[in-house]
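Asks: Dropping the sequence and predicted coords here.
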Amino acid sequence: MFEGLKNKLQNIKEKFGHSIQDAAGEAVREEVRPEIPAPAPAEVGEPVFEPEKPAVEPLPEPLAPAPEPAPRAPAPAAPEVRPAEERKRFGGLVSRVKTLVLERELVISEKDIEEPLFELEMVLLENDVALEVTDAIIGYMREDLVGSHRKIGTSVDEIVMSALRGALLKVLGEGLDLLEYIKAHDRPVKILITGVNGTGKTTSIAKIAHYLKANGHSVVIGAGDTFRAGAIDQIAEHGRRLDIKVIKHQEGSDPAAVLYDSVEYARGHGIDVVLADTAGRFHNRKNLMNQLEKIRRVMKPDLVVYVDEAVAGNDAVVRAKDFNDLVGTDAVMLTKADMDSRGGAAISIAQTIGKPILFLGTGQAYSDIVPFRPEAVVGELLGAEE
Ligand SMILES: Nc1nc2c(ncn2[C@@H]2O[C@H](COP(=O)(O)OP(=O)(O)OP(=O)(O)O)[C@@H](O)[C@H]2O)c(=O)[nH]1
């Protein structure tokens, strides 16, 4: 996931390091010291980016074949490989053979990092990071690096890593933990799922249902996409496979009525969460808006989640912004992150629309869903070890 951008950021890190080293001149010395902790596993049972595939858990036949993965950007020069014994010596800590450490106080000037800043800007734009988000990241980098006093003994890598990490975290925001959200709200928690047809909305509803069930919550799904032929059967099949109740009416019926019934069912049966599917009819904005307005009035959702695909890059960002301006949204789920080598949409959405990313879809199995944790994403992008 995001391999192209990851590789580019590795190069950029080195370039910033060289520029700072040049600025410091003779005033850096090499030092051997244990440095960066090995990547900590995410919460128990909750893989960060490469979830285990379940042994048998195929999805129903997809209606449309998933698009081919985007071609990967050429890999940069291979990073230095460190022998495994060396890691062992530091008991789980990764050591640097040499760390460049400042020997006198250093103040980095704008000119010192002009070049890598420009390269970073280009890399972000090439990888579909939105212009305003790119500007923000460059601004944060400049703010952090230029002018402040760097103490004796500070490692050059730490200066660079901390600036990049800080800048990325600022644009990614805080994220939204759905399990915490559910804990803090009255049951049933009603989640309305919207999105463009074909981006993986139906599959994502099934994945969220599976995720909630695996975390001890009862779920009912409302088959509110009564517009697209086959949508009700598709979601009903997911429900059957996951052993989750699906409330459905006839094709063409009023989605607000189906979703009202879904909420009533949840109330009557003590169900924790209602996941409400809706038709993704972006081609007819007025209709979409009217329909969603009515659904909102009738079922009063706690969360409106907009689903789009990470592989759409900047288009996904524009659509999410459009949708948010038009009907309002509380969070975003980005599907097909497993096929996205650029990561631009994932980096840009939170800052652009001011709403957090809730989940990333990372494959076609039910368990291919990852709660979006900004720290983990930044760790992945910057590499947990040098
Ligand atoms: N690789 C990958 N494929 C996904 C992911 N999420 C969904 N898909 C695939 O994307 C295709 C479309 O998914 P659907 O769930 O049918 O999409 P939809 O938005 O409901 O589309 P409509 O049913 O046409 O409204 C299917 O082949 C899914 O298996 C993901 O995270 N990664």
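Replies: That came through, no problem. Numbering: from 1, shown residues only.

Asks: CA atoms for contacts and neighbours, from now on please.
Replies: OK.

Asks: give me every residue that touches His210.
Replies: Leu242, Tyr366, Ser367 (Cα atoms under 8 Å, 6 or more residues apart in numbering).

Asks: let's go with 7 Å and repeat that
Replies: Leu242, Tyr366 (Cα atoms under 7 Å, 6 or more residues apart in numbering).

Asks: what helix or strand is it on?
Replies: If you go by DSSP states H and E, His210 is part of helix 201-214.

Asks: quick check: domain ranges of this protein?
Replies: 3-56+83-172, 178-374 (automatic domain parsing).

Asks: The helix or strand just after the helix holding His210 pairs with which strands, and in what direction?
Replies: Going down the chain from helix 201-214, the next helix or strand is strand 219-222, by DSSP H and E. Next to strand 219-222 in the sheet, as set by DSSP bridges, lie strand 245-247 (parallel), strand 273-277 (parallel).

Asks: Which secondary structure elements does the longest helix that the chain contains sit against?
Replies: Counting by DSSP state H, the longest helix found in the chain is helix 3-24. Packing partners of helix 3-24 (3 or more Cα pairs under 7 Å, 6 or more residues apart in numbering; DSSP states H and E): helix 114-126, helix 156-172, helix 374-382.

Asks: who touches the shortest one?
Replies: For helix 374-382, contacts defined as Cα under 7 Å, 6+ apart pick out Lys6, Leu9, Gln10, Val48, Arg165, Leu168, Leu169, Leu172, Glu174, Gly175.

Asks: Which stretches in the chain count as helices?
Replies: Remark: helices assigned in the chain by DSSP H are 3-24, 84-89, 114-126, 131-145, 156-172, 178-183, 201-214, 231-242, 255-269, 285-299, 314-327, 344-353, 374-382.

Asks: List the contacts of the third one.
Replies: Applying Cα under 7 Å, 6+ apart, the contact partners of helix 114-126 are Lys8, Ile12, Lys15, Phe16, Leu131, Thr134, Ile138.

Asks: Could you rerun that using 6 Å?
Replies: For helix 114-126, contacts defined as Cα atoms under 6 Å, 6 or more residues apart in numbering pick out Lys15, Phe16.

Asks: Which single one of the contacts of helix 374-382 is nearest to the ligand?
Replies: Val48 (14.3 Å; Cα to the nearest ligand atom).

Asks: mind checking pLDDT for the closest one?
Replies: Looking at Val48, its pLDDT stands at 44.

Asks: swap in the one 3 residues further on?
Replies: At Pro51, the pLDDT value in this model is 42.

Asks: going forward can the numbers begin at 375, since that is how I track them
Replies: With 375 as the first residue, the last one maps to Pro425.

Asks: In the stretch 525-674 of the chain, where is pLDDT below threshold?
Replies: Applying pLDDT under 70 to the stretch 525-674 of the chain flags the ranges 655-659.

Asks: show me the residues around Val507 that make contact.
Replies: By Cα under 6 Å, 6+ apart, the neighbours of Val507 are Ser722.

Asks: Export the contacts of helix 748-756 to CSV and append columns for neighbour count and distance to Gly718.
Replies: Formatted as CSV, the contacts of helix 748-756 follow (neighbours: other Cα atoms under 10 Å; distance: Cα to Cα, whole Å):
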residue, neighbour count, distance to Gly718
Lys380, 20, 11
Leu383, 20, 13
Gln384, 17, 16
Val422, 18, 19
Arg539, 16, 16
Leu542, 26, 12
Leu543, 17, 14
Leu546, 27, 11
Glu548, 16, 18
Gly549, 19, 16
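
Asks: Would you check which of those residues are in contact with the ligand?
Replies: Near the ligand, taking Cα under 6 Å from any ligand atom as the test, no member of the contacts of helix 748-756 is found.

Asks: from those, which single one is nearest Ile533?
Replies: Arg539 (10.1 Å; Cα to Cα).

Asks: For the closest one, which non-adjacent residue is spatially closest?
Replies: Spatial nearest neighbour of Arg539, chain neighbours left out: Val752 (6.4 Å); criterion: Cα to Cα, 6 or more residues apart in numbering.

Asks: what about that neighbour, neighbour count?
Replies: If you count neighbours by other Cα atoms under 10 Å, Val752 ends up with 20.

Asks: One more: Asp396?
Replies: By other Cα under 10 Å, neighbour count at Asp396 equals 14.

Asks: what does Arg671 give?
Replies: What Arg671 shows, counting by other Cα under 10 Å, is a neighbour count of 12.

Asks: now do the one 4 residues further on
Replies: The number of residues packed around Pro675, counting by other Cα under 10 Å, is 21.

Asks: tell me the contacts of it?
Replies: Neighbours of Pro675 in contact, by Cα under 6 Å, 6+ apart: Lys564, Ile565.

Asks: same thing but 7 Å
Replies: Per Cα under 7 Å, 6+ apart, neighbours of Pro675: Lys564, Ile565, Leu566.

Asks: Kindly indicate which of those lies nearest the ligand.
Replies: Leu566 (13.8 Å).

Asks: My guess is the closest one contacts Leu677. True?
Replies: Yes. If you go by Cα atoms under 7 Å, Leu566 and Leu677 touch, sitting 6.2 Å apart.

Asks: more neighbours, those two?
Replies: Using other Cα under 10 Å as the criterion, Leu566 and Leu677 rank with Leu566 on top: 27 against 17.

Asks: Tell me the pLDDT of Arg524.
Replies: Taking Arg524 on its own, its pLDDT is 80.

Asks: what's the residue lying closest to it once chain neighbours are set aside in contact with, if anything?
Replies: Excluding its sequence neighbours, the residue lying closest to Arg524 (Cα to Cα, 6+ apart) is Leu480, at 5.0 Å. Residues near Leu480 by Cα under 7 Å, 6+ apart: Ala398, His523, Arg524, Lys525.
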